[in-house]
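Undergrad: Next comes the sequence, and after it the predicted model I'd like to discuss.
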Amino acid sequence: MRNLQFGFFDDSGLPRESRILMFYSFDTEENLPRSGILHYHVAEQRFVGPRHDGELTAAALDFLSRAGRLHPSAD
């Protein structure tokens with residue numbers, strides 16, 4: 001993945017405390033553009049919906065963490 005970018009859909013209507021919608025875009029090694037939406041369930045600490053590439057979800061978790069949107073669980 002090259003040129004990987006993320007952004008938030010904060011006006012999605014979902015409560016920000018429980019769910020995070022974010023978009024992503026990148027270019028493949030074959031120079032093909034790819035984009036989509038990731039839906040993160042905060043309480044379950046996981047992405048919901050279709051399965052995504054591990055590299056993409058790891059980068060998305062890093063982005064969420066750096067953006068201050070993930071908080072340590074109270075286990």
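TA: That came through, no problem. These numbers come from a predicted model, not from an experiment.
Undergrad: show me where the protein has helices.
TA: 54-66 (DSSP state H).
Undergrad: which stretches of it have low pLDDT?
TA: Across the chain, the ranges flagged by pLDDT under 70 are 12-16, 72-75.
Undergrad: 90 - rerun?
TA: Scanning the chain with the threshold set as pLDDT under 90 gives 1, 9-19, 42-43, 49-53, 69-75.
Undergrad: For it, just list every one of the strands.
TA: According to DSSP state E, the chain carries its strands in the segments 2-8, 19-27, 33-41, 46-48.
Undergrad: Go through these and pick out the most buried.
TA: Of all the strands of the chain, strand 19-27 has the most neighbours on average by mean count of other Cβ atoms under 10 Å, namely a mean of 17. C-betas here are computed from N, CA, C, even on glycine.
Undergrad: who's in contact with that strand?
TA: With contacts defined as Cβ atoms under 8 Å, 6 or more residues apart in numbering, strand 19-27 is touched by 1-9, 12, 14, 33-42, 56, 60, 63-64, 69.
Undergrad: ditto for stretch 42-57
TA: When contacts are defined by Cβ under 8 Å, 6+ apart, stretch 42-57 is touched by residues 1, 4, 17-20, 24, 26, 36, 38-41, 60, 70-71, 73.
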